[in-house]
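1. just a sequence and a predicted model for now, questions to come.
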Amino acid sequence: MKTIHRGLLTAVLAASALFMASSTAPALDRYADNELTGTLAKVDTRNRLFKLDRGPDHKVKYFKYDSKTKFMDGSNQIKIQDLKIGQPLKVQYVNVKAKDEKEKSRAIKVTVLAPSEGRRSETR
């Protein structure tokens, strides 16, 4: 009887821990596989978009950004206005469906890379 209760308790605790981890995990942990690197090609502050050029072998990628998007240069948080065209970036993002039912990419975190990091990652 003791082992049945212990097994049931373990199963309940494991299920609740799994639920808590998935519902409270930051978006960066849940969407870490959605990550691209390239160089900043264009910023459209009016429509809150920026364009990432990923090199000649890949299509350019457009990202929406909002007030929740973090722009980082090292450990310092910066504004999108601080970014410069041609700067190498790493973008962590999530795909969301828009009102027109098309999937769009929303940037979660944008990190400025050292120039050597940006060139190396474009060849992947």
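-> Structure received. Numbering: from 1, shown residues only.
2. endpoint to endpoint, stretch 42-58 covers what distance?
-> For stretch 42-58, the separation between the terminal residues is 16 Å (CA to CA, to the nearest Å).
3. check which residues of it are buried.
-> When burial is assessed from 16 or more other CB atoms under 10 Å, stretch 42-58 yields the following buried residues: 43, 48, 50, 51, 52, 53, 54. From N, CA and C alone the C-beta is placed, and that goes for glycine too.
4. contacts made by it with the rest, please.
-> If you take CB atoms under 8 Å, 6 or more residues apart in numbering as the criterion, stretch 42-58 is touched by 36-41, 60-66, 80-81, 83, 85, 89, 91, 107, 110, 122-123.
5. please pick the buried ones from those residues.
-> Among the contacts of stretch 42-58, those that count as buried by neighbour count (16+ other CB under 10 Å) are 36-40, 61, 63-65, 83, 89, 91, 107, 110, 122.
6. between those, which is nearest residue 71?
-> Of all these, residue 110 has the smallest distance to residue 71: 4.9 Å, by CB to CB.
7. what's the helix or strand for that closest one?
-> Here residue 110, judged by DSSP states H and E, is contained in strand 103-112.
8. show me what that strand is packed against.
-> Helices and strands in packing contact with strand 103-112 are listed as helix 27-30, strand 61-64, strand 70-73, strand 88-97; criterion 3 or more CB pairs under 8 Å, 6 or more residues apart in numbering; DSSP states H and E.
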